[in-house]
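Undergrad: how would this look folded up:
(4 chains)
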2 protein chains.
Amino acid sequence: MARARIVDPDQGPRSKRAAILDAAVEYFGETGYETTKWSDVADRVGIGQTALYHYFESKAHCLLTIMRLELQRSHDMFTEATADTSDPVEALRAGVRSAFAVSEQEIRQMRVLQANMSLLATPRKSKREETERVAARQLVQMVERDWTNLLVRGMAKGAFPVRDAHMLGLTVLGMIVSVWRWYRPTGAIPLPEISDLIEGCVVRMVGE
Amino acid sequence: MARARIVDPDQGPRSKRAAILDAAVEYFGETGYETTKWSDVADRVGIGQTALYHYFESKAHCLLTIMRLELQRSHDMFTEATADTSDPVEALRAGVRSAFAVSEQEIRQMRVLQANMSLLATPRKSKREETERVAARQLVQMVERDWTNLLVRGMAKGAFPVRDAHMLGLTVLGMIVSVWRWYRPTGAIPLPEISDLIEGCVVRMVGE
DNA sequence: TCCTCAAACTGAACTGAACTCAGGTTGATG
DNA sequence: CATCAACCTGAGTTCAGTTCAGTTTGAGGA
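TA: Next comes the predicted model:
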């Protein structure tokens, strides 16, 4: 008997799943989700349109997968960056820096995530799409909790004045991700400069 | 001869344009632009789907119009709120407060604007859509300049430390509009409370 | 070397929502 | 009360996303 594999988690040796995700991130990130034709992605990968349905249930399923992966990455990066820092201010700075230590492809992924965030609000009809949506939603809450908890710790330690930590966390996060609405790698301002400015803003905003 | 009217700016006595915009804001704001069927809007207004095309060239043309109107409103409100205040810090506070002094329908309009902002990036094929898009783009820049100029004035007066005013303006704006991603009138936190927190954040962020 | 079977793929047909067309209805105004 | 632009409609058309009914490919066991 040939190998018996579970369909979802891992991919066969000649799978084009990664290539599809990569092409989709580029198209969705540069041209926008609605604007790009699903068949364009197929062309880029070098397969027929219908072959896409071997890997993703729908165009939306692919988008939701991209969004979930990006959220997972963001959460992991934050955790890694802030894990071994006990000083709240330094942890905060490390968290901000981790948000801007990204490749061009990751920038596109975050653009895709931010531009289609509202998709996570309403349930999906198909099962696999809904699974991705729920997972993504949970990761959004996890990322929000990452920032909130950091602020709570800082307030408890007396490093930050006491304020509504949840609202403040959402605000900090909103400020950071808003960058991906206007930033372009071809622009005049280099990313490290933006990172520094935001880092300062966050520290001042939270402190006093 | 019957009255000779220009098509665009003003409306006939039995025009349903306003009713369509109102229904569209509700649907686009609550359910999302892509999710709502154009025919749902027609049903709500009480006309056939094809009658919509008497008022708007397309679903996207209606969306772009909503976005432009909201941008116009935001710009006007900011200008009115900050006009007669010479103290930079007070003007800044007044600007933030004006951003949160809104009705529920205006909240929906801002949600529509924020959720579909990326639509303004790429040119439209049809003429009327492109006109709205360009107008909206210019208004975005105008709103950005509103905040930037306020910061420049404050820095010149010595009220704020000198930083990159443009980037700081975009950041302030990004922080403010990020609220419309998570705020719901049914939520636990009342809007004035949010307004106060953001006001404080902006002042600390810009100050020293 | 060849056989097997799931993975990987395909062309043709289907679906549904946005939009077009070719007119019909309505009502303010001369 | 006749006119004509504003306003509206039902019957198509289009096109991107999707389904269907299979066919091809190639890694691993015999």
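Undergrad: which residues does the residue lying closest to A:R153 once chain neighbours are set aside contact?
TA: Of all residues not flanking A:R153 in the chain, A:P88 sits nearest, at 5.8 Å (CB to CB, 6 or more residues apart in numbering or on different chains). Placement of C-beta: from N, CA and C, glycine included. If you count contacts by CB atoms under 8 Å, 6 or more residues apart in numbering or on different chains, A:P88 has them with A:L150, A:R153, A:G154, A:K157, A:A159, A:F160.
Undergrad: which of those residues sits closest to B:S118?
TA: Closest approach to B:S118 among the contacts of A:P88 (CB to CB): A:L150, at 29.6 Å.
Undergrad: re the thing from before, just the contacts of A:P88 now: which is nearest DNA strand C?
TA: Distances from the contacts of A:P88 to DNA strand C were compared by CB to the nearest atom of the strand; the smallest belongs to A:L150, at 40.8 Å.
Undergrad: going by neighbour count, list what's buried in the helix or strand in which the closest one is found.
TA: Using DSSP states H and E, A:L150 maps to helix A:127-156. Of the residues in helix A:127-156, A:129, A:131-133, A:135-136, A:139-140, A:143-144, A:146-148, A:150-155 count as buried by neighbour count, 16 or more other CB atoms under 10 Å in any protein chain shown.
Undergrad: ok, it near DNA strand D or not?
TA: No: shown here: helix A:127-156 not in contact with DNA strand D (CB under 7 Å from any atom of the strand), separated by at least 8.7 Å.
Undergrad: which helices and strands does that helix pack with?
TA: helix A:59-82, helix A:88-100, helix A:165-182 (3 or more CB pairs under 8 Å, 6 or more residues apart in numbering or on different chains; DSSP states H and E).
Undergrad: got the CA coordinates for the very next helix or strand once past the second one in CSV?
TA: Pointing back at helix A:88-100 there. Next along the chain after helix A:88-100, taking DSSP H and E as the criterion, comes helix A:104-115. Output of helix A:104-115 as CSV, limited to C-alpha atoms (Å, rounded to 0.1, in the frame of the first residue of the first chain):
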residue,chain,number,x,y,z
GLU,A,104,8.9,42.5,2.1
GLN,A,105,6.7,39.4,1.7
GLU,A,106,5.7,39.7,5.3
ILE,A,107,4.8,43.3,4.8
ARG,A,108,2.5,42.2,2.0
GLN,A,109,1.0,39.6,4.3
MET,A,110,0.3,42.2,6.9
ARG,A,111,-1.3,44.4,4.3
VAL,A,112,-3.5,41.5,3.3
LEU,A,113,-4.4,40.9,6.9
GLN,A,114,-5.2,44.5,7.7
ALA,A,115,-7.2,45.2,4.5
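Undergrad: which residues of chain A score low on pLDDT?
TA: Along chain A, the parts satisfying pLDDT under 70 run over A:1-10.
Undergrad: interface residues of it facing chain B?
TA: A:31-32, A:34-35, A:115, A:117-119, A:121-122, A:163-164, A:167-168, A:170-171, A:173-175, A:177-179, A:181-182, A:189, A:193-194, A:197-198, A:200-201, A:204-205, A:207-208 (CB under 8 Å from any CB of the partner chain).
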